[in-house]
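Engineer: Whatever this is, show me its structure:
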Amino acid sequence: MRVVCALLLAMFAASCAPTLAPAGAMRVTPALAGDAIVARDGTRLPLRRWDADGGAPRAVIVALHGMSDYSNAFAMPGAVWAKAGITTLAYDQRGFGNSDNPGLWAGADVMRADLRDAVAAARARYPGVPVFALGESMGGAVLLTALASDNPPVLDGAILVAPAVWSRADMPLSYRVALFLGAHLLPGMILSNSAASHVVTITPSDNVPMLRALGRDPLFQKNTRTDAVFGLVNLMDEARRAVPPQPPPILFLYGANDQIIPAKPTQAVIAALGSRATAHRYARGYHMLLRDLEGEAVDRDVADWVLKLSGSQVVTAPEHSQETIMADIKKHDLRDGNPGEDANTNATLAGHTAQSMPTSAQDENLVNPGIGSKGGVAEGQVTKSN
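Structural biologist: Numbers count the residues shown, from 1 in each chain. As a prediction, the model looks like this:
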């Protein structure tokens with residue numbers, strides 16, 4: 001009887017399995033082709049680029065955006081890096097922005113393969129120029145797990161910006177159960193944070209005009225399938241455990257005010273990386289570090305690090321709040337696996353403590369990215385505040 005029940009459960013789970021975006025059917029050499037990166041399976045990944053000022057670049061950064069976002073996430077830092085002589089190549093990852101099958105999760109293996117293809121295409125286009133990869137949030141998880149894979153991209157350096165490393169093991173059991181059931185019973189259900197925002201509001205950045213612009217941007221996803229959230233958490237599980245054996249130099253950046261990725265897993269990953277990474281904590285930084293009000297200072301730090309490794313003269317950054325990382329785990333966070341006496345509060349529904357945006361930001365066009373994996377709504381949603 002137990003065998004029969006197990007088979008029935010397996011058949012039921014398979015019939016409602018999460019849907020993945022279909023891969024291309026071609027086999028081509030990865031290349032930069034105008035406004036796209038052509039991946040090895042022939043899929044065109046929409047490309048935005050910010051070319052280095054003054055001709056040939058001193059370095060190239062291949063940039064990966066976060067969940068619900070797209071390549072335009074690097075418009076602000078890309079402009080800063082261009083002035084420093086760095087070319088930025090940012091592409092829409094599969095299922096995001098202007099790519100095919102928007103909203104469908106492509107799978108972590110495919111996303112890592114696309115990164116390898118983008119790096120190979122950059123090296124072919126810019127022979128002899130140092131090539132770096134930068135991943136923000138979900139993009140950081142893609143990059144970190146790619147570095148730890150059996151076939152890592154060939155890079156001169158890697159930059160992890162608030163990487164998504166909040167694994168199931170760090171989450172309360174209720175989150176894990178809800179995520180599994182939602183992804184397998186209702187994989188195509190569309191989630192928005194319009195309901196959750198009545199319970200809790202988080203602050204992804206202190207740059208309110210930027211958040212409002214994202215709220216009006218039609219390419220910034222405001223709704224997410226449950227199976228895409230499931231895929232994101234699977235990726236975060238991998239990133240949480242990823243320790244690249246022989247990585248290139250790594251720069252790890254995160255903000256002390258990050259309300260998207262908890263401090264505890266972030267600190268654990270930094271500790272696991274050890275001497276493999278140089279980590280910096282920004283006292284006034286939020287999750288969207290590169291686009292915060294002090295984002296330009298962070299952008300210049302990235303440029304300095306890249307140019308130093310490239311053997312070029314660095315950019316002089318203005319004075320700002322950067323600290324070399326020390327043990328700084330928050331005393332208590334509802335996103336941790338042991339929420340304690342606060343477990344029954346409404347705040348745990350969305351996986352964040354209730355913190356409001358500045359008064360001037362409380363409107364319907366304010367984007368609230370990064371809460372998809374934590375409480376049943378996806379990264380990059382519009383927040384309505386009461």
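Engineer: Could you measure from the closest residue to R58 other than its chain neighbours over to S312?
Structural biologist: In space, and not counting its chain neighbours, R58 is closest to G85: 4.0 Å by Cβ to Cβ, 6 or more residues apart in numbering. In this view, the C-beta of every residue, glycine as well, is placed from N, C-alpha and C. Distance, G85 to S312, using Cβ to Cβ, to the nearest Å: 7 Å.
Engineer: same check, this time on M210
Structural biologist: 29 Å.
Engineer: now do A263
Structural biologist: Computed as Cβ to Cβ, the A263 to S312 distance reads 34 Å.
Engineer: now swap in P57 and tell me
Structural biologist: 10 Å.
Engineer: ditto for L89
Structural biologist: 18 Å.
Engineer: what sits against D206?
Structural biologist: 257, 284, 286, 292-293, 358 (Cβ atoms under 8 Å, 6 or more residues apart in numbering).
Engineer: circling back: neighbour count for L89 and S312, which is higher?
Structural biologist: L89 (26 against 17; other Cβ atoms under 10 Å).
Engineer: picking up where we left off before, identify the contacts common to P57 and S312.
Structural biologist: G85.
Engineer: Which parts of the stretch 151-300 of the chain are strands?
Structural biologist: 157-161, 190-191, 224-225, 250-255, 277-282 (DSSP state E, counting those that start in this stretch).
Engineer: List the strands paired with the last one, with their directions.
Structural biologist: As defined by DSSP bridges, the strand partners of strand 277-282 come to strand 250-255 (parallel), strand 322-324 (antiparallel).
Engineer: any idea which of the ones you listed scores lowest on pLDDT?
Structural biologist: Note on the strands paired with strand 277-282: lowest mean pLDDT is at strand 322-324, with a mean of 50.
Engineer: Pull up the gap between M236 and V165, please.
Structural biologist: 6 Å.
Engineer: Spell out which residues are contacts of both of those two.
Structural biologist: A141.
Engineer: count of residues packed around the residue lying closest to N234 once chain neighbours are set aside?
Structural biologist: In this structure, N234 finds its nearest non-sequential neighbour in A108, 6.6 Å apart by Cβ to Cβ, 6+ apart. Close neighbours of A108, defined as other Cβ under 10 Å, add up to 21.
Engineer: Name all residues that make contact with A108.
Structural biologist: A108 sits in contact with 142, 145, 231, 234-235, 238, where contact means Cβ under 8 Å, 6+ apart.
Engineer: before we move on, what about F74?
Structural biologist: 48, 50, 63, 65, 88, 90, 290.
Engineer: did I read that right, it in a helix?
Structural biologist: Yes - assessed with DSSP: H, G, I helix; E, B strand; the rest coil, F74 lies in a helix.
Engineer: Now do it, the pLDDT please.
Structural biologist: 98.
Engineer: try V60
Structural biologist: Looking at V60, its pLDDT is 98.
Engineer: same thing with R300?
Structural biologist: pLDDT, R300: 97.
Engineer: again, but for M1
Structural biologist: Taking M1 on its own, its pLDDT is 44.
Engineer: Same question for T201.
Structural biologist: pLDDT, T201: 74.
Engineer: still on that earlier bit, which ones among the contacts of D206 map onto helices?
Structural biologist: If you go by DSSP state H, the contacts of D206 have nothing in helices.
Engineer: Take those and write them to CSV, including distance to D150, neighbour count and pLDDT.
Structural biologist: Formatted as CSV, the contacts of D206 follow (distance: Cβ to Cβ, whole Å; neighbours: other Cβ atoms under 10 Å; pLDDT from 0 to 100):
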residue, distance to D150, neighbour count, pLDDT
N257, 36, 18, 97
R284, 39, 15, 96
Y286, 35, 25, 97
D292, 36, 23, 98
L293, 41, 15, 97
P358, 46, 9, 38
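Engineer: Pick the one among these closest to A303.
Structural biologist: Of all the contacts of D206, D292 has the smallest distance to A303: 16.2 Å, by Cβ to Cβ.
Engineer: you'd agree the closest one is up against T203?
Structural biologist: No - look at D292 against T203 with Cβ atoms under 8 Å: they stay out of range, at 10.4 Å.
Engineer: quick one: common contacting residues for those two?
Structural biologist: Y286.
Engineer: hang on, S99 is in a strand, isn't it?
Structural biologist: No - counting by three-state DSSP, one finds S99 to be coil, located in no strand.
Engineer: is it true that it touches P46?
Structural biologist: Yes - using Cβ under 8 Å, S99 is in contact with P46, at 5.9 Å.
Engineer: Settle it for me: which of the two has more neighbours?
Structural biologist: Ranked by neighbour count (other Cβ under 10 Å), S99 and P46 place S99 first, with 23 against 19.
Engineer: which residue sits closest to that one in space, ignoring its chain neighbours?
Structural biologist: Of all residues not flanking S99 in the chain, D92 sits nearest, at 4.4 Å (Cβ to Cβ, 6+ apart).
Engineer: which residues touch that neighbour?
Structural biologist: Taking Cβ under 8 Å, 6+ apart, one finds 45-47, 65, 70-71, 98-99 in contact with D92.
Engineer: Could you count how many residues lie near R44?
Structural biologist: 18.
Engineer: Put the alpha carbons of the longest helix along the chain into CSV.
Structural biologist: Secondary structure of the chain read by DSSP H shows that its longest helix is helix 108-125. Output in CSV follows, covering the C-alpha atoms of helix 108-125 (Å, rounded to 0.1, in the frame of the first residue of the first chain):
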residue,chain,number,x,y,z
ALA,A,108,19.8,27.5,-13.3
ASP,A,109,21.9,25.3,-15.6
VAL,A,110,20.7,27.2,-18.7
MET,A,111,21.3,30.6,-17.0
ARG,A,112,24.9,29.5,-16.1
ALA,A,113,25.4,28.4,-19.7
ASP,A,114,24.2,31.7,-21.0
LEU,A,115,26.8,33.5,-18.7
ARG,A,116,29.6,31.3,-20.1
ASP,A,117,28.4,32.1,-23.6
ALA,A,118,28.3,35.9,-22.9
VAL,A,119,31.8,35.8,-21.4
ALA,A,120,33.1,33.8,-24.4
ALA,A,121,31.4,36.3,-26.8
ALA,A,122,32.9,39.2,-25.0
ARG,A,123,36.4,37.7,-25.1
ALA,A,124,36.0,37.0,-28.9
ARG,A,125,34.9,40.6,-29.5
